[in-house]
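Asks: Here is my input; please provide its structure:
(2 chains)
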There are 2 protein chains.
Amino acid sequence: MTAQRSAAPGRARVRLLPLLAAVLVGALIWKLPHPEAVEPRAWHLLAVFVATIVAIIARPLPVAAVALVGITVAVLSRTLSMAEALSGFGQSVVWLVVSAFFIASGFIRTGLGTRIAYHFMALLGKRSLGLSYGLVATDLVLAPAIPSNTARAGGVIFPILRSLGKTFGSEVEAGTARKISSFLTLTAYQGTVITSAMFLTAMAANPLAVQLAGRMNIQITWGLWALAAVVPGFLSLVAVPFLIYRLYPPEIRETPAAAAVARAELARMGPMKRSEWILAGVFILMLVLWIFGGALRVDSTAAAMAGVSILLLSGALTWDHLLAEREAWNTLVWFATLLMMAGFLNDFGLIPWFSDTVSRALSGMSWVPAFLGLSLTYFYAHYLFASNTAHVSAMYAPFLGVALAVGTPPLLAGLILAFFSNLYAGLTHYGTAPGPILYGSGNVPLGVWWGVGAAASVANIVIWLGVGGLWWKILGLW
Amino acid sequence: MTAQRSAAPGRARVRLLPLLAAVLVGALIWKLPHPEAVEPRAWHLLAVFVATIVAIIARPLPVAAVALVGITVAVLSRTLSMAEALSGFGQSVVWLVVSAFFIASGFIRTGLGTRIAYHFMALLGKRSLGLSYGLVATDLVLAPAIPSNTARAGGVIFPILRSLGKTFGSEVEAGTARKISSFLTLTAYQGTVITSAMFLTAMAANPLAVQLAGRMNIQITWGLWALAAVVPGFLSLVAVPFLIYRLYPPEIRETPAAAAVARAELARMGPMKRSEWILAGVFILMLVLWIFGGALRVDSTAAAMAGVSILLLSGALTWDHLLAEREAWNTLVWFATLLMMAGFLNDFGLIPWFSDTVSRALSGMSWVPAFLGLSLTYFYAHYLFASNTAHVSAMYAPFLGVALAVGTPPLLAGLILAFFSNLYAGLTHYGTAPGPILYGSGNVPLGVWWGVGAAASVANIVIWLGVGGLWWKILGLW
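Replies: Okay, here's the model as predicted:
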């Protein structure tokens, strides 16, 4: 979840130049003569929206503060009514993400996340490649209920990765990072990028994409997402660590000590606590409800809130814990705001107008090359973004609109752009929030990070478009 | 703001008996045969609502946690759709309160609240009666922008009151509380109860009452509330401290030292900081926008959010500060939930049905004695409540409905019940959140607290119904 870094608290200084940039861009668009076919209100909202996105990228203030100011400007400029501007806060999908954040905090607080990691280490950790699969497997297991990849890769995996580095005498300070730490750091990052793409609830901006697709009548449920992602996702999770193993191999290949450490840690932790059992039960219940929600007629947000209710009623989590989950409240504010703005841009007719205009320019082109061009442009544009959310907010809806207008099968277009909204984060060390944490360890030189990122991006694109395309054809999605 | 105490965090244990009580009451109502005229969905919502209110009173969990569970039960029992259940979070009035909480935190953080208190002390503090007026005046000045009377009476006034006790050697431990501390404690409490009644934004449940009245087509704006309350409010603020002075006089009457202390503290604080100036400016801007919002066509929530935006953009408050304002997030959750439930009870026809039924039983009675009986019952029922919010949620709408059905002038009924929703809190030491803090000081014996509470209630009722009634007649409200 990439807003984490951008919303990093504690900066008292407001950065004036970025603020000025956002205001100028917004004012410029506002004043530009708008196309005949676009009503003034839609154009003004575009101005406020683009200014908000510029501010989210340039960051004069944390992202949620930018969102609050954006709402205020939209209302005071009479672009939106107060009720319209606040409508995002009542959206079901917003509370799905907030509830998932609450449940995620349980994995950290109860220690269940760490326990799962040690289990995988004990099982797979005899060789360094296996060890990396153990870390990736932990991330995968946590992904459905933890929409913050920072919590997974930064909160659960990174501390274990560091202690492994110590165990094997592989540390930056000693100049021995290449022994094993470099390799594990790269796989942990590329791994969390892939697991983020595998579940609707694995990354905070995923529900945003789903909601935007929903406004264009493309319905993507939790179960459909997981089903569509499972084949290319597993393949990527196997292939990418192996690719890294080849491209930038660790010096240590055999790691029997790791399995021993894991067993010792598990012994030290003792049997699972009551709160861990409850959390595990809630986690399984939620997965069942999310997968079979359609048949059971249980809304996915209701399922997540039921999970939170059980944790509260059983005392496994307290309300106090949830109040302290600042990232959840943070996400509530920016998510509701972006969802609202992006939604009204569509409802006011701006996205349809844009899609029509672009697709008319592309007329005569078959959808296959057109969508390939669109989706690759969407992917590699992420070199310019330090946040999945900003990228999805700014580009998902217009790109999807154009894709539909040139004749791409709707579900295919919606899903591929949504998957790419996660996979593109592997390109750089700032592509998604855990990047700065893992890169900040110093275990991997910048050139290697970007090189591996580029290679992994090619592998991911080939797997998801190629094998994925075949899989979705079998599923009848296109 | 009374939910503060009930939502007091840090209790890991879930209390089972209160939980059982709430579940049983809810299940009982659910199973009871419902009246012909009431549709099943309305009756089921009543069951969930009453169980939620019982849980808010009996407190198996903090009030916001109860709210989340209540939403979940309403959705899983198919009483409400997910969209209906979350609709409260998009309500303008909810974000008015949240924004006001954010601004309130500025008064504490910047020290401006304390500075104002010392100014009044320096001005009025030469005698103990004047000193008490100084504390009450501070509370009054802060009230429009601080919807938490706990923040005012507990956060700003109480620390000053305690240090005054030390200055005058009036401390519980020494058996000298009666010197001056008892008197100041009682006036601080009764004072904050009155200031809470004077502004729409002075207590968190006030907007709840206004919203419920709005559903019955009674429109109460910020300006109307303040205008209607100003005359009886000022009279009460003058009369009640004087009454306490007579009933339970302080032993020390002359307090020149207090003014000296205040001047010394002001000197120590130095000139106003930049952040205090900004906050003061925002405060005045908001008052202007709230008062003249109708003419300027600025929504009161938009005004509050503009205030928050200015504080963020100027760096006077950071997003980090706002994230740490747990009480704001807390209030967001319980307020949105109660607002939503109480609103749908009305929309589903339950409140109108109840009002019709009761008023038919009262038929033939003139509205004057009927409303007098209703409003006094509403007032003294607060002996049973430890929270303004629970009381307003449970009783405001049905009592207002009956009042209208017997022919009470709508604005009069809506306003009086809303004012009483604050004034009733003076009755006991648990009537509203600062009660436990101030009573907990030990400065006042329980019997005295209740005796003074009863006397103040009579004074307040006479002033607000008598002088108030006249004032509202002059204003043309009835």
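
Asks: CA only for contacts and neighbour counts going forward, please
Replies: Fine.

Asks: Would you mind splitting chain A into its domains for me?
Replies: Listed by automatic domain parsing, the domain ranges of chain A are A:1-85, A:92-325.

Asks: Do a quick rundown of the helices in the stretch 351-478 of chain A.
Replies: With DSSP state H, counting those that start in this stretch, the ranges of helices along the stretch 351-478 of chain A come out as A:367-380, A:388-391, A:397-405, A:410-423, A:434-439, A:446-461, A:468-475.

Asks: Next, count neighbours for A:Phe354.
Replies: By other C-alpha atoms under 10 Å in any protein chain shown, 17 other residues sit near A:Phe354.

Asks: OK, contacts around the nearest residue to it once chain neighbours are set aside?
Replies: Excluding its sequence neighbours, the residue lying closest to A:Phe354 (C-alpha to C-alpha, 6 or more residues apart in numbering or on different chains) is A:Pro398, at 6.9 Å. Contacts for A:Pro398 (C-alpha atoms under 8 Å, 6 or more residues apart in numbering or on different chains) come out as A:351, A:354-355.

Asks: one step back: any chance of the helices of the stretch 351-478 of chain A in JSON lines, plus distance to A:Leu28 and mean pLDDT?
Replies: Listed next are those as JSON lines, based on distance: least, C-alpha to C-alpha, whole Å; pLDDT from 0 to 100:
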{"stretch": "helix A:367-380", "distance to A:Leu28": "25", "mean pLDDT": "95"}
{"stretch": "helix A:388-391", "distance to A:Leu28": "20", "mean pLDDT": "88"}
{"stretch": "helix A:397-405", "distance to A:Leu28": "21", "mean pLDDT": "94"}
{"stretch": "helix A:410-423", "distance to A:Leu28": "29", "mean pLDDT": "97"}
{"stretch": "helix A:434-439", "distance to A:Leu28": "33", "mean pLDDT": "90"}
{"stretch": "helix A:446-461", "distance to A:Leu28": "35", "mean pLDDT": "97"}
{"stretch": "helix A:468-475", "distance to A:Leu28": "42", "mean pLDDT": "97"}
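
Asks: Nearest to A:Phe107 among those helices would be which one?
Replies: helix A:434-439 (17.3 Å; C-alpha to C-alpha).

Asks: For that closest one, list the C-alpha coordinates in PDB.
Replies: This file holds the C-alpha atoms of helix A:434-439, laid out as PDB (Å, rounded to 0.1, in the frame of the first residue of the first chain):
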ATOM      1  CA  PRO A 434       7.900  -1.200   1.200                       C
ATOM      2  CA  GLY A 435      10.400  -0.200  -1.500                       C
ATOM      3  CA  PRO A 436      12.100   2.500   0.500                       C
ATOM      4  CA  ILE A 437      12.200   0.200   3.500                       C
ATOM      5  CA  LEU A 438      13.800  -2.700   1.800                       C
ATOM      6  CA  TYR A 439      16.000  -0.600  -0.500                       C
END
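
Asks: what comes into contact with that helix?
Replies: Counting by C-alpha under 8 Å, 6+ apart, A:2, A:149-150, A:153-154, A:158, A:185, A:189, A:428-430 sit against helix A:434-439.

Asks: which one of those sits closest to chain B?
Replies: Chain B lies nearest to A:Thr2 out of these, by C-alpha to the nearest C-alpha, at 17.1 Å.
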